[in-house]
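Enquirer: model this:
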Amino acid sequence: MQQETISVHGRLPRPHGNGPASTPIYQSATFQAESVAEQERLRTGDRFYTRYGNPTQSKAEEMVAALEGADAGLVFGSGMAAITSALLTTLQPGDHLLIQRELYGGTFEFVTKWLPRLHVDVTMFEAARAADCEQLLRPNTRAIYIESPTNPTLQLVDIRAITDCARRHGIRTMMDNTFASPFNQLPHALGVDVVVHSATKYLAGHSDLVCGAVTGRQDFINELHETRTTLGGIMDPLAAWLLIRGIKTLGVRMERHNGSAMAIAEYLSGHPAVRRVNYPFLSQHPQHALAKAQMRGGSGMISFELDADAAGAARFVESLRLFSLAGSLGGVESLATIPAATTHARLSGKERTAMGVSDGLIRLSVGIEAVEDLIADIDQALVNTARLRGIPEVVASRASTPAGERIRHDSAS
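Expert: Numbers count the residues shown, from 1 in each chain. This is a model prediction of the structure:
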């Protein structure tokens, strides 16, 4: 089945019959058993105690695994719970992790500050230099971890190059697929062993819950289940139901996200007040060919730098009217943030610079509003920012006609 169908039904359509059309919420901490023997059997299923599992969680896990094309999946109480649990299941004291430098701030903090406390060595490589991995491997390398597109600079990693290298050496590969979503990119099909998500973002899609997900082979998911049960990073049943509801509209949402972001990226790339635009599906992006090879669409994430300082970037985001100033992404509403002040604020200036995260970098999460209105909002914010800096308005705006008349939405772009 196609992704649009899987997002509605899961791996297989439900059998016809007098059952609920919507997955029930099993809002229960524990489940009854008829006997001690039955209770012992139930410990390995989803009807024993909700920290171990829950039928509503199981349906969410089935749907995420089906979308990613994996044997199985698990859901967690947050994206970081998913990421850290997957890493802790893989790594032991004395192991070595090879990981790219350009990462989500929370992941970067965990691997640089917490894994060393557990006596796990970490080596970093540049996202665009996948070929460097071979020479950075050690006899004790247990995993290679990647994120593509990267947060927030939208660099790509050559996924197949990484997985081919890892397979030659019997090393597990792990990948954060949050920015692309399984609608736009299928890492397992490219050889990745373990895929992680901040399901808060595109999978849930409505900015109303925090959750994470991991997919992979059944044997790994069994190990991960033990980790989750022990550490307790479980998703509650109501959140699981909200995740299921969000996933059902993933296909239609991602088509709009992809098309609108492409139109906005093209608009920004031709604007005289914009220094650089990061969006892999732009033809001038240095990794455009790789994007077309391993992604179905560019997703709804854009980052860019104005021809201005940090104060100018702050003025821009504060001038937006439709884009809310907020630090998440992937919802139906459009959001804007300055990563140096939010997602990567806990990193040092030197660490941010090494990732390409300048103080003036702006990240947009393009929602599903009319793209004409979003472009008009960006346009007025650029004019307002330039006016404050004393730049003639004719330079700040591309043309005198409204932005919505210059670029129309094309869902196929």
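Enquirer: quick check: mean pLDDT across the top helix by length along the chain?
Expert: Ranked by residue count, the top helix of the chain under DSSP state H comes out as helix 250-269. Averaging pLDDT along helix 250-269 yields 98.
Enquirer: now it, how far from the chain's geometric center?
Expert: Distance, stretch centre to chain centre, for helix 250-269: 16 Å (C-alpha atoms, centre = their mean, to the nearest Å).
Enquirer: go on, stretch 337-349?
Expert: The answer for stretch 337-349 is 17 Å, by C-alpha atoms, centre = their mean.
Enquirer: before we move on, what about stretch 241-251?
Expert: Its chain's C-alpha centre and that of stretch 241-251 lie 15 Å apart, by C-alpha atoms, centre = their mean.
Enquirer: Equivalent analysis for stretch 348-360, please.
Expert: 20 Å.
Enquirer: and the residue nearest to residue 347 when sequence neighbours are not counted, how many neighbours?
Expert: Nearest in space to residue 347, with sequence neighbours left out and distances taken as C-beta to C-beta, 6 or more residues apart in numbering, is residue 105 at 5.7 Å. (C-beta placed from N, C-alpha, C; glycine too.) Look at residue 105: counted by other C-beta atoms under 10 Å, it has 21 neighbours.
Enquirer: where exactly do the helices run in the stretch 151-300 of the chain?
Expert: All helices of the stretch 151-300 of the chain, identified by DSSP state H, counting those that start in this stretch, fall at 159-169, 181-184, 218-231, 237-247, 250-269, 288-294.
Enquirer: Show me the domain layout of the chain.
Expert: Domain assignment for the chain by automatic domain parsing gives 3-247, 250-406.
Enquirer: quick one: terminal-to-terminal distance for the longest one?
Expert: The distance separating the two terminal residues of domain 3-247, taken as C-alpha to C-alpha, to the nearest Å, comes to 11 Å.
Enquirer: buried ones in stretch 362-379?
Expert: Across stretch 362-379, burial judged by 16 or more other C-beta atoms under 10 Å covers 362-369, 371-372, 374-379.
Enquirer: How about stretch 167-174?
Expert: By neighbour count with 16+ other C-beta under 10 Å, stretch 167-174 contains the buried residues 171, 172, 173, 174.
Enquirer: out of the helices of the stretch 151-300 of the chain, nearest to residue 39?
Expert: Counting by C-beta to C-beta, residue 39 lies closest to helix 218-231 out of these; the figure is 15.9 Å.
Enquirer: Check which residues of the closest one are buried.
Expert: Across helix 218-231, burial judged by 16+ other C-beta under 10 Å covers 220, 221, 224, 225, 227, 228.
Enquirer: Give me the neighbour count for the nearest residue to residue 147 once chain neighbours are set aside.
Expert: Of all residues not flanking residue 147 in the chain, residue 176 sits nearest, at 4.0 Å (C-beta to C-beta, 6+ apart). For residue 176, the count of nearby residues is 26 (other C-beta under 10 Å).
Enquirer: Mind checking the pLDDT average for stretch 165-182?
Expert: On average, stretch 165-182 scores 98.
Enquirer: Only C-alpha atoms, please: export it in PDB.
Expert: Only the C-alpha atoms of stretch 165-182 are listed here, as PDB (Å, rounded to 0.1, in the frame of the first residue of the first chain):
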ATOM      1  CA  CYS A 165      30.100   1.300   5.200                       C
ATOM      2  CA  ALA A 166      28.400   0.100   8.400                       C
ATOM      3  CA  ARG A 167      27.400  -3.200   6.800                       C
ATOM      4  CA  ARG A 168      30.900  -4.000   5.700                       C
ATOM      5  CA  HIS A 169      32.000  -3.800   9.400                       C
ATOM      6  CA  GLY A 170      28.900  -5.200  11.100                       C
ATOM      7  CA  ILE A 171      28.000  -1.900  12.800                       C
ATOM      8  CA  ARG A 172      24.500  -0.800  13.600                       C
ATOM      9  CA  THR A 173      23.200   2.300  11.900                       C
ATOM     10  CA  MET A 174      20.700   4.700  13.600                       C
ATOM     11  CA  MET A 175      19.000   7.700  12.000                       C
ATOM     12  CA  ASP A 176      16.700  10.500  13.100                       C
ATOM     13  CA  ASN A 177      14.100  10.900  10.400                       C
ATOM     14  CA  THR A 178      12.100  13.600  12.200                       C
ATOM     15  CA  PHE A 179      12.600  16.500   9.600                       C
ATOM     16  CA  ALA A 180      11.700  14.400   6.600                       C
ATOM     17  CA  SER A 181       9.000  12.100   8.000                       C
ATOM     18  CA  PRO A 182       8.300   8.600   6.500                       C
END
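Enquirer: Now the phi/psi pair for residue 48, please.
Expert: Dihedral angles of residue 48 (phi, psi; degrees, to the nearest 10) stand at phi -120, psi -60.
Enquirer: For the remainder of this discussion, apply numbering that starts at 396.
Expert: Yep, numbering from 396; the last one is residue 443 now.
Enquirer: doesn't residue 437 make contact with it?
Expert: Yes. Counting by C-beta atoms under 8 Å, residue 437 is a contact partner of residue 443 at 4.1 Å.
Enquirer: follow-up on the earlier one: now the longest helix of the chain and helix 632-642, what's the angle there?
Expert: Angle between the axes of helix 645-664 and helix 632-642 is 70 degrees (criterion: axes from the mean of the first three to the mean of the last three C-alpha atoms, to 10 degrees).
Enquirer: could you say what helices and strands helix 645-664 packs with?
Expert: helix 398-404, helix 576-579, strand 669-673, strand 696-701, helix 766-783 (3 or more C-beta pairs under 8 Å, 6 or more residues apart in numbering; DSSP states H and E).
Enquirer: Confidence-wise, which of the domains of the chain is weakest overall?
Expert: domain 645-801 (a mean of 87).
Enquirer: Now for residue 443 and residue 437: what residues contact both?
Expert: Common neighbours of residue 443 and residue 437 are listed as residue 426 (criterion: C-beta atoms under 8 Å, 6 or more residues apart in numbering).
Enquirer: In PDB, please show the C-alpha coordinates belonging to stretch 411-422.
Expert: Output in PDB follows, covering the C-alpha atoms of stretch 411-422 (Å, rounded to 0.1, in the frame of the first residue of the first chain):
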ATOM      1  CA  HIS A 411     -15.100  -5.600   8.600                       C
ATOM      2  CA  GLY A 412     -17.500  -6.100  11.500                       C
ATOM      3  CA  ASN A 413     -19.200  -4.400  14.300                       C
ATOM      4  CA  GLY A 414     -16.100  -2.800  15.800                       C
ATOM      5  CA  PRO A 415     -15.100   0.800  16.500                       C
ATOM      6  CA  ALA A 416     -14.000   2.900  13.600                       C
ATOM      7  CA  SER A 417     -11.700   4.800  15.800                       C
ATOM      8  CA  THR A 418      -9.100   3.100  18.000                       C
ATOM      9  CA  PRO A 419     -10.300   3.100  21.600                       C
ATOM     10  CA  ILE A 420      -8.400   4.800  24.400                       C
ATOM     11  CA  TYR A 421      -7.400   2.300  27.000                       C
ATOM     12  CA  GLN A 422      -7.000   4.800  29.800                       C
END
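Enquirer: That'll do, ta.
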